[in-house]
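[1] Mind looking at a prediction? Sequence and model below.
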Amino acid sequence: MCSMTTLSPKRSAILTFIRDRIAQNGQPPSLAEISEAFGFASRSVARKHIVALTEAGFIEVTANQARGIRLVENRPRAHMLEIPVLGRVAAGAPIGPDIDIHDTFTLDSRTFLRIPDYLLRVKGDSMIEDGIFDGDLVGILQSAEARDGQIVVARLDGEVTIKRLERGHDTFRLMPRNPAYAPIVVRPDQDFAIEGVFCGLVRRE
């Protein structure tokens with residue numbers, strides 16, 4: 001989706017889930033199905049995300065209908081983008097100008113919050129609480145700067161990972177969104193660089 005509205009990665013993933021269900025089944029998911037798909041403890045959690053998507057103008061909801069979600073079609077006209085896939089993110093070759101292009105996807109510009117420069121395929125489950133799963137393609141806007149709390153692709157000693165950035169006074173931590181993983185504390189002697197910021201995802205069923 002192409003919008004100035006900032007969505008959290010989880011809400012972006014929920015919107016993608018709704019779009020996919022409508023495309024595949026001809027009808028939107030119910031709150032129960034959204035709760036099950038994302039592991040929410042109750043439908044009320046899913047309802048909060050749906051309300052937020054409604055307020056942001058991405059969907060409309062018809063009251064008292066189990067499947068009352070509708071996509072808002074009067075958003076800016078879509079155009080198709082050809083975006084290269086540069087490899088996997090978690091641990092691998094540093095992203096650089098000489099990296100091989102593994103594939104190219106043609107995608108609707110509305111898939112993303114901002115237009116990405118490239119895609120990376122996620123390997124691992126360290127970001128599942130932000131709705132980013134193993135096998136997802138994440139759109140990355142190339143940038144050497146990021147705000148505290150943003151999801152970033154960072155290079156640490158030649159390996160690439162996607163995490164939330166936590167900035168301190170002259171310190172950085174890369175925060176997973178899965179309690180099974182510990183934060184990565186960046187030491188002063190390590191080779192560290194921010195390669196880009198997350199701007200949406202594509203999930204292939």
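    Good, I have the coordinates.

[2] Relative to Val186, how far out is His169?
    13 Å (Cβ to Cβ, to the nearest Å). C-beta here means a position set from N, CA and C on the backbone, and glycine is covered the same way.

[3] Give me the more crowded residue out of the two.
    Each of His169 and Val186 has its neighbours counted (other Cβ atoms under 10 Å); Val186 has more, 18 against 4.

[4] which residues sit in contact with the more buried one?
    Val186 is in contact with Leu156, Thr171, Phe172, Arg173, Leu174, Phe192, counting by Cβ atoms under 8 Å, 6 or more residues apart in numbering.

[5] next one: Leu165
    Leu165 sits in contact with 146-152, 154, 172-175, 194, where contact means Cβ under 8 Å, 6+ apart.

[6] nearest to Ile50, of the residues you listed?
    Ile151 (22.0 Å; Cβ to Cβ).

[7] what's the closest non-adjacent residue to the closest one?
    Of all residues not flanking Ile151 in the chain, Phe198 sits nearest, at 3.8 Å (Cβ to Cβ, 6 or more residues apart in numbering).

[8] cool, and Ala13?
    Gly131 (3.2 Å).

[9] Model confidence score at the one you found, please.
    You'll see Gly131 listed with a pLDDT of 84.

[10] Could I get the phi/psi values of it?
    phi 80, psi 20 (degrees, to the nearest 10).

[11] how near is it to Val51?
    17 Å.

[12] cool, and Leu165?
    Look at Leu165 and Val51: by Cβ to Cβ, they are 28 Å apart.

[13] Same question for Gly168.
    Gly168 is 34 Å from Val51, by Cβ to Cβ.

[14] In PDB, list the C-alpha atoms belonging to the helix or strand of the chain with the lowest mean pLDDT.
    When the helices and strands of the chain are compared on mean pLDDT, DSSP states H and E, strand 103-108 comes out lowest with a mean of 78. Only the C-alpha atoms of strand 103-108 are listed here, as PDB (Å, rounded to 0.1, in the frame of the first residue of the first chain):
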ATOM      1  CA  ASP A 103      14.900 -12.600  -8.600                       C
ATOM      2  CA  THR A 104      12.600  -9.800  -9.600                       C
ATOM      3  CA  PHE A 105       9.000  -9.300  -8.500                       C
ATOM      4  CA  THR A 106       6.400  -7.200 -10.200                       C
ATOM      5  CA  LEU A 107       4.200  -5.800  -7.400                       C
ATOM      6  CA  ASP A 108       1.300  -3.400  -6.800                       C
END
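
[15] Tell me, please, where in the protein the pLDDT is lower than the cut-off.
    1-7, 73-79, 90-102, 110, 113, 204-205 (pLDDT under 70).

[16] Please parse this protein into its domains.
    9-71, 80-202 (automatic domain parsing).

[17] Need the CA coordinates for the longest helix anywhere in the chain. CSV is fine.
    Secondary structure of the chain per DSSP state H: the longest helix is helix 9-25. Provided in CSV are the C-alpha atoms of helix 9-25 (Å, rounded to 0.1, in the frame of the first residue of the first chain):
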residue,chain,number,x,y,z
PRO,A,9,4.4,-4.3,10.7
LYS,A,10,1.7,-6.5,12.4
ARG,A,11,-1.1,-4.3,11.0
SER,A,12,0.6,-4.3,7.6
ALA,A,13,0.7,-8.1,7.8
ILE,A,14,-3.0,-8.2,8.8
LEU,A,15,-3.9,-6.0,5.9
THR,A,16,-2.0,-8.3,3.6
PHE,A,17,-3.8,-11.3,5.1
ILE,A,18,-7.2,-9.6,4.5
ARG,A,19,-6.2,-8.9,0.9
ASP,A,20,-5.0,-12.5,0.3
ARG,A,21,-8.2,-14.0,1.8
ILE,A,22,-10.4,-11.8,-0.4
ALA,A,23,-8.4,-12.7,-3.5
GLN,A,24,-8.3,-16.4,-2.7
ASN,A,25,-11.8,-17.0,-1.2
